[in-house]
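Q: Pasted the sequence and its predicted model underneath.
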Amino acid sequence: MARKPYLTDIEKSNITLLRNENYSIREIAKKLKRGKSAIGDYIKTCLKRSAKQKPGPKPKISERTARLLVKDARKSRLTARKVLGRSGVGVSLRTVQRMLAHHEHMEFGRLAVRPKLSQDNVKDRFKWARDYNFAPARLWRRTVFTDEKRFCLDGPDGQACFWADKRLPKDIFAKRTRGGGGIMVWGGISWRGKTPLVEVNGTLNADEYVHMLEEYFLPFRDEIYPDGATFQQDNAAAHSALHTRDFFADEGITDLPWPAKSPDMNCIENAWGELSRRLYDGGRQFDTVSDLREALFYEWDKLDLEYIRKLIKSMPDRVDMLRRKRGGVTTY
C-alpha cells in the first residue's frame, strides 16, 4: 500500500488547534482522515509540551549585595574595579561589570572637562552669544583662533571614567594644570590655514607672549591675511596685560571680544582634542619629552585644511547653542 504524503502545513495547524482543545489522537485522526501514527509522531516531536525548564544557576551576587554595589557606584562615581575593591565581595570583576551594565539606571561615562562657571560668567557668556548669534560667516572665516595647550607624557587630561546614575546631571570637573613631564605649545587655526606650532618654555608672561606673536603670528597674518584678520584669544593674564594691549594697538591687531571661561566656543579646542586622539591612540605613552615633541609637531603638520574648515563652520551653531543655554555649559 502506498504511503500517504507528509502532513501539510494546513494539517499541522489543524492538529495544533485540535490538540489545544484537548482532542485525543484518535479523534484528530478521524477528523483529518489521517493515520493515528502520523498524528502521534507529529504531536510527540513538535507539540510535546516542553518540560519545565530547570532554573538557572544561582546568582553570584544577591539582590541585597547588588543594591549596595549600585548605591556605592552611584554615590562615589567609581569604576567597577573600585566598586569591587571597596566591597570585598568574592566575585570576579566581570560579574560586577555585567551587574552594573544590566542595571536600568546605570551607565558608564567619562568626566566632562569644563571650567566651573560663576553667575557672572554665565551672564557674560549669554550676552556675548546674543551679540554674536547672527554674526556673518565672513567674521569667523577671517578669525584666527588661538590658544595654549599642555601635552603630557602619560596621556591627555580628562580621561577618568566611572559608573553613574543616568538620571542624574552629568559631572563636570574644572580644568587644572597637570603635573609631570610634558610640553606647552601655542598655535592658531583659521579658514585659510594654521600658524606654526610654537613650544612655550616655562610660564608665559606678557613679554614672552608679545615676542612670540612678533615672531610667528605677524608673519602668518601678513602672508595669509594681507587684507586683515581678527585675532581670538582667551583672557589669560599674558593676553590681557597692558603690554600686550599696547602691542596690539601698535600692530593694528583687531582682537575678538571673548567671554571668560569659554573654551567650548573656541574651535581650536577641538583641534587639540584631535591631536590628543592621534598622539595617545591605543593608550600610547611617551618615555621622553623629545619623543612627545617630535610626535606632536608631526601631527600638527598633518592637520588638513578641510578638517579645520569644518571646525570654523561650526561657530554659528556653537554660538546659537550658547544662546539657547543662556550662557550655561554647552556640549562643545
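A: In hand now; what should we look at? Numbers count the residues shown, from 1 in each chain.
Q: First residue to last residue on stretch 272-286, what's the distance there?
A: Distance between the two ends of stretch 272-286: 17 Å, counting by CA to CA, to the nearest Å.
Q: Let me fix that, I meant to ask about stretch 222-241.
A: End-to-end distance (CA to CA), stretch 222-241: 24 Å.
Q: residue ranges for the helices of the stretch 201-332 of the chain, please.
A: Ranges of helices within the stretch 201-332 of the chain are 206-212, 218-224, 237-240, 242-251, 268-279, 289-302, 305-313, 315-324, based on DSSP state H, counting those that start in this stretch.
Q: Any idea how many residues pack against Glu269?
A: 18 (other CB atoms under 10 Å). Every residue, glycine included, has its C-beta placed from N, CA and C.
Q: Touching, it and Pro263? I think so.
A: Yes - here Glu269 reaches Pro263: they are 4.9 Å apart, a contact under CB atoms under 8 Å.
Q: Roughly how far does the nearest residue to Pro115 once chain neighbours are set aside sit from Met315?
A: Of all residues not flanking Pro115 in the chain, Lys261 sits nearest, at 4.1 Å (CB to CB, 6 or more residues apart in numbering). Separation of Lys261 from Met315 (CB to CB, to the nearest Å) stands at 18 Å.
Q: go on, Arg26?
A: 82 Å.
Q: okay, the two: which has more neighbours?
A: Met315 (21 against 11).
Q: who's in contact with that one?
A: Ala135, Trp140, Met265, Cys267 (CB atoms under 8 Å, 6 or more residues apart in numbering).
Q: Find me the pLDDT at it, would you?
A: What the model reports as pLDDT for Met315 is 97.
Q: One more: Ser62?
A: 85.
Q: What does it show for phi and psi?
A: For Ser62, the backbone dihedrals (degrees, to the nearest 10) come out as phi -70, psi 160.
Q: go on, Val329?
A: For Val329, the backbone dihedrals (degrees, to the nearest 10) come out as phi -70, psi 130.
Q: Would you check that it makes contact with Met265?
A: No - counting by CB under 8 Å, Met265 is not a contact partner of Val329; they are 11.6 Å apart.
Q: neighbour-wise, which of these two wins?
A: Legend: neighbour count by other CB under 10 Å for Val329 and Met265, higher for Met265 (22 against 18).
Q: Okay, that one and Tyr225: tell me how far apart.
A: 21 Å.
Q: try Trp140
A: 13 Å.
Q: Thr331 too?
A: 31 Å.
Q: Comparing the two, which residue is more hemmed in?
A: Each of Thr331 and Tyr225 has its neighbours counted (other CB under 10 Å); Tyr225 has more, 18 against 9.
Q: Which residues are in contact with that one?
A: Counted by CB under 8 Å, 6+ apart, Tyr225 has contacts Arg142, Val144, Ser190, Arg192.
Q: hang on, Thr195 packs against Pro219?
A: No - at 9.2 Å, Thr195 does not count as touching Pro219 under the criterion of CB under 8 Å.
Q: where do the contact lists of the two overlap?
A: Between them, Thr195 and Pro219 share no contacting residue, judged by CB under 8 Å, 6+ apart.
Q: Determine the number of other residues adjacent to Phe247.
A: Phe247, neighbours per other CB under 10 Å, totals 19.
Q: got it, and Glu251?
A: Other residues close to Glu251 by other CB under 10 Å number 14.
Q: repeat for Val83
A: Neighbours around Val83, by other CB under 10 Å: 24.
Q: For it, which three-state class applies?
A: Classification of Val83 by DSSP: H, G, I helix; E, B strand; the rest coil places it in helix.
Q: Relative to Lys33, how far out is it?
A: Distance from Val83 to Lys33, by CB to CB: 67 Å.
Q: show me where pLDDT drops low in the stretch 1-150 of the chain?
A: For the stretch 1-150 of the chain, residues meeting the criterion pLDDT under 70 lie at 1-4, 47-59, 109-114.
Q: show me where it has strands.
A: For the stretch 1-150 of the chain, the strands defined by DSSP state E, counting those that start in this stretch cover 106-110, 112-113, 143-152.
Q: which of those strands is buried the deepest?
A: Stretch with highest mean neighbour count among these: strand 143-152 (a mean of 22; mean count of other CB atoms under 10 Å).
Q: partners of it in the sheet?
A: Strands that pair with strand 143-152, judged by DSSP bridges, come out as strand 182-190 (antiparallel), strand 230-232 (parallel).
Q: want to throw the ones you listed into CSV with mean pLDDT and distance to Phe286?
A: Listed next are these as CSV, based on pLDDT from 0 to 100; distance: least, CB to CB, whole Å:
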stretch, mean pLDDT, distance to Phe286
strand 182-190, 96, 9
strand 230-232, 98, 30
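Q: Quick one: closest of those strands to Glu11.
A: Glu11 sits nearest to strand 182-190 of all the strands paired with strand 143-152, at 74.1 Å, using CB to CB.
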